[in-house]
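> here's my sequence, what's the structure:
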Amino acid sequence: MHANLDPLLPTLIKNYIQWKAIGDSSFGATPGHPIATTEYDFEITVLDIFSLTTSATIPQQADSVSMADALIQYGYLGNVPYSPSIATSLRTLEHFRLLRLCKPSFSVEAFAKVICDSYGIPYHRRYRTILADTFDIHLTILRHVSKQVDAALGRDTPNWRVLNSCPPCTYELQDEPRLQFCRMYVMDGGNSAKRITTLGDRHVGDMRNFNESDYLLPHDYVDSFANEVQHRAKDVVASEPIAEITSQSPEEDNDNLAVTSTNVMAEDCSKNWKATASDEKKRMWAIFEETGIFVAACRHGFILWYADMVRSGELAKYPLAIISKVLDVLGERSLGAYDIGCGFTSTIENSSLGENFRKMESRMCVDAFHGYAHNYVCQTKNHPLGITGAGLEDFETIEQIFSASNQLATVTHYSSSYRHHALLELFFKQWDEEKYLNVGTMILNNYKQALGIINSDGLVLQQAMNSLRIHLGELETWHAEEVEYFCMLGSEPEWDVHAMAYVELLQEMQEYETQSSNASTRFISSAPSDYVFVVLSQSQQRTYAAELSHTRKLETHRRYTAEKLDTVQREVIAMEVKLGITCRWTPSTHEYQETMKYMATRKYHRALDNLQRLVVQCLFELQKLNISQIGNYSFAQTHCKAIQSAVKKYNEAASEIDPPRPPLEWSRVSHYNFLDKFNLLQETRQDICEKPCAKPAIRETMRQYLRVQRAKEEIICCNVEACRLHTAILDKEAMFSHILKSLEDDGELIFFIVKDYCTRHRLVNTQLLGRISQLYLMEGFTGDTLPGTHIGQSSPALPLDLQVQPLDDEDTPGNIDEDDEVRGDIEMLIEYISELPVAHSM
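Model prediction:
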């Protein structure tokens, strides 16, 4: 069927546009009232949910290509290109399309049952198949018509949608304030959009591939980044140990685990996320062909791109493909959010994108909600609250997208690949249209939120500063000190690394000398004391064979230890030649003793630094949540295994130094609730107890300060975005008028389709201008109320004489976009939280 449709598409598209231009006056062609009588006329069974007509007589011209050509001229579409047995009215198909846009879970089967009930006939699966095939053809025609509309409006250039769909992000103006980040976006993977693969010996009837989307990244493009990620073990260098993995339990001790950068101290929290697991662990059931989608969207919710996750979990190649497109299309100074953005930064830097990523001053962060699940080291660097220029953006847009697209999953699990992607395309286009409709409301709400924070938190901040007798400059300095402290936490001073390596080789050589000597002694001792070479008899050969296995084992072990000793001796000699050591060090030499002393102290400081890091992170997190003082709730209850392991290793290292340090009792550590009770930390290389940022009152003041700063940045960002949106709407109106006049003068048939598009868009723009007017009249608004001049234009946008309708109470920003499902979800969440058990002190 699909192969037969392709030659007819140009004619069907042309006739569809002509039918839209004429209107639906052709409806009503019934057997009792034929429109014309020719020898080519035919009668066909039809489905029309509006008129409930059962059949129609369709006039057909002699030069008509097919019945489908004649049907579409009179507002019907057949289920097959040639000789259709039943036709569905275009109004019915369009009605079903609108229903699916508003309710993605509304299936073809459900609509077929509605039609059957309307006609008063029993449902049969045949009607579902007919409706599905006809609707597929209808969507194909609409996509081609949409391409012609885009061409008429000058929107058919590569990447036009990404570069223009969100005016607040993309419509840059002359002389506007410079924002810290040109674009802010978020990305994440979701597994609800799975698609079942072909089972058993079944064959797929629809073999088409959906290649008409500018949302979907091609599989070949995504797969080009499959080998960009190297195994984490390749980045491990045991000679430069800095910090151990926080989440490591006592049963998983690995003293040799080390990292090459202190950034891993902020990255190790990402190991708790599935997305950062190694590719070998991201296997999905073979029953799924596509296991989900990986989506990227701008801060206003507009879709940028998405990629299919094919027979795998959330592999690194999917976000890397998104980053590559961001760098190529969106350009410099972008801020991307990812739930493992802390660890993924290293992945980008170690890939082929790393140099370009740094050159374009791009960076990654974690989203606000998931960010609080990361450790405190990560939060100081990667949480939006601490990032200059991030404003009040929470980067939780993807969760909203998946919440809406979950409805689509029920109708795409068993669909073909073509229909799966066609329905995703339909969903994303409708999503973007809704986001454009509400973008003015979003800016308005963000402005109100920012003003509220500045007015409320700003007052509290000023009172706290007066009470503590501090000023803004000190808060900025202390915040920078805190970030620097956590960046340096776990690092150690430089020392003679070669001397340590040389001593370690000497110790290893001494150990292998002992092993080799013992192995050689055991092998020689296995020979009989009265050994004489003689030819053995048959009975003596059986006795010898029984002892041969044991003798061979001894010989193998002797040879193995001898080879290892020889290897280490060569390394020792090479090291001595390199360092110019003429006399080999021994345990009695001064250099050997000094190096051993440093190595013992170094082990102690490493254990102490690791314990300090865990304690500081945990106590700061609990203080932020205001639960460090609740009953006996201590950090031991949340970080028990990690801190217990660190205490154990500290006690071992403390007993080995000279003089030995007293052991630390776990029973005391588990009841500490802030740093002033943890005097042990005063012995670390970086004492934090006396720093201002360690004091709870100062920390809370710093948090308020950061929140007020982000609110002020949001005000600046909203001022820019509102002016961009205002200017874009006015420029679009001028463009619409010019293009419509040109098409009408030229007598282009597409004029009627473009006019319909512009009319609907103008109604949306009128509503957006109402939101902008509300923003301009808001008390505390500091932006420019006049439109600007788009970059590349010589004159500013001309104001329009549009009648802005007053907004009803139901359309106020506080109520917009709230439906029954959202309210139901909120009620369920409140009910769930209210039933959670509350921990009481003993």
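> how about the strands in this structure?
Ranges of strands in the chain, per DSSP state E, are 42-47, 55-58, 76-78, 86-89, 183-190, 195-196, 288-298, 303-310, 334-337, 363-365.
> and the third one, what does it pack onto?
Strand 76-78 makes packing contacts with strand 42-47, helix 67-73, strand 86-89, helix 90-102, helix 125-152 when contacts are defined by 3 or more CB pairs under 8 Å, 6 or more residues apart in numbering; DSSP states H and E. In this view, the C-beta of every residue, glycine as well, is placed from N, C-alpha and C.
> which residues are contacting the second one?
Right, helix 67-73. With contact meaning CB atoms under 8 Å, 6 or more residues apart in numbering, helix 67-73 is reached by 8, 11-12, 15-16, 18-19, 26, 42, 44, 58-61, 64, 77-78, 80-84, 87, 90.
> in helices only, show me these.
Using DSSP state H, the subset of those located in helices is 8, 11, 12, 15, 16, 18, 19, 90.
> can you list the low-confidence ranges for the stretch 251-400 of the chain?
Within the stretch 251-400 of the chain, the segments meeting pLDDT under 70 span 251-286.
> give the contact list for residue 307.
Residues in contact with residue 307 (CB under 8 Å, 6+ apart) are 216, 217, 222, 293, 294, 318, 321, 322.
> switch to 6 Å and redo it
217, 222, 294, 318, 321 (CB atoms under 6 Å, 6 or more residues apart in numbering).
> what number of residues lie near residue 85?
Residue 85 has 11 neighbouring residues, counting by other CB atoms under 10 Å.
> over to residue 188?
Residues near residue 188, counting by other CB under 10 Å, number 26.
> tell me the spacing between it and residue 339.
With distances taken as CB to CB, to the nearest Å, residue 188 is found 6 Å from residue 339.
> try residue 408
22 Å.
> more neighbours: which of those two?
Under the neighbour definition other CB under 10 Å, residue 408 and residue 339 were set side by side, and residue 339 has more, 26 against 21.
> from residue 312, how far off is the closest residue to residue 706 other than its chain neighbours?
Spatial nearest neighbour of residue 706, excluding adjacent residues (CB to CB, 6 or more residues apart in numbering): residue 385 at 5.3 Å. In this view, residue 385 and residue 312 are 33 Å apart by CB to CB.
> try residue 19
As judged by CB to CB, residue 19 and residue 312 stand 45 Å apart.
> how about residue 602?
Plainly put, residue 602 is 42 Å away from residue 312 if you go by CB to CB.
> what about the helices in the stretch 501-650 of the chain?
If DSSP state H, counting those that start in this stretch is used as the criterion, the helices of the stretch 501-650 of the chain fall at 538-579, 590-625, 636-654.
> helices and strands around the shortest one, which ones?
This means helix 636-654. helix 590-625 (3 or more CB pairs under 6 Å, 6 or more residues apart in numbering; DSSP states H and E).
> can you map out the helices along the stretch 701-842 of the chain?
751-776, 820-834.
> can you give the distance of the longest one from its chain's centre?
Relative to its parent chain, helix 751-776 has a centroid offset of 32 Å by CA atoms, centre = their mean, to the nearest Å.
> what residues of it count as buried?
Burial within helix 751-776, assessed by neighbour count using 16 or more other CB atoms under 10 Å, is assigned to 751-755, 757-758, 761, 764-775.
> got it, and stretch 720-735?
Within stretch 720-735, the residues scored as buried using 16+ other CB under 10 Å are 720-733.
> what's the answer for stretch 344-354, then?
Residues of stretch 344-354 classed as buried by neighbour count (16+ other CB under 10 Å): 344, 345, 346, 347, 348, 351, 353.
> any idea which of these is closest to residue 127?
residue 344 (48.7 Å; CB to CB).
> which residues touch stretch 742-761?
Stretch 742-761 has contacts (CB under 6 Å, 6+ apart) with 17, 20, 21, 148, 149, 152, 736, 740.
> ok, for residue 440, nearest residue in space, not its chain neighbours?
Spatial nearest neighbour of residue 440, chain neighbours left out: residue 771 (3.0 Å); criterion: CB to CB, 6+ apart.
> if I pick the one you found, what's in contact with it?
Going by CB under 6 Å, 6+ apart, residue 771 touches 440, 441, 444.
> skipping adjacent residues, who's closest to residue 222 in space?
Spatial nearest neighbour of residue 222, chain neighbours left out: residue 321 (4.5 Å); criterion: CB to CB, 6+ apart.
> any idea of the mean pLDDT in stretch 750-765?
Average pLDDT, stretch 750-765: 93.
> what's the offset of that stretch from the middle of its chain?
Counting by CA atoms, centre = their mean, stretch 750-765 is centred 35 Å from the centre of its parent chain.
> ditto for stretch 515-525
60 Å.
> in it, what's buried?
By 16+ other CB under 10 Å, the buried positions in stretch 515-525 come out as 515, 516, 519, 520, 523.
> tabulate those residues (JSON lines), appending distance to residue 53 and pLDDT.
As requested, the buried residues of stretch 515-525 are exported to JSON lines (distance: CB to CB, whole Å; pLDDT from 0 to 100):
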{"residue": "515", "distance to residue 53": "95", "pLDDT": "87"}
{"residue": "516", "distance to residue 53": "98", "pLDDT": "86"}
{"residue": "519", "distance to residue 53": "97", "pLDDT": "83"}
{"residue": "520", "distance to residue 53": "102", "pLDDT": "83"}
{"residue": "523", "distance to residue 53": "101", "pLDDT": "77"}
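> cool, thanks, signing off.
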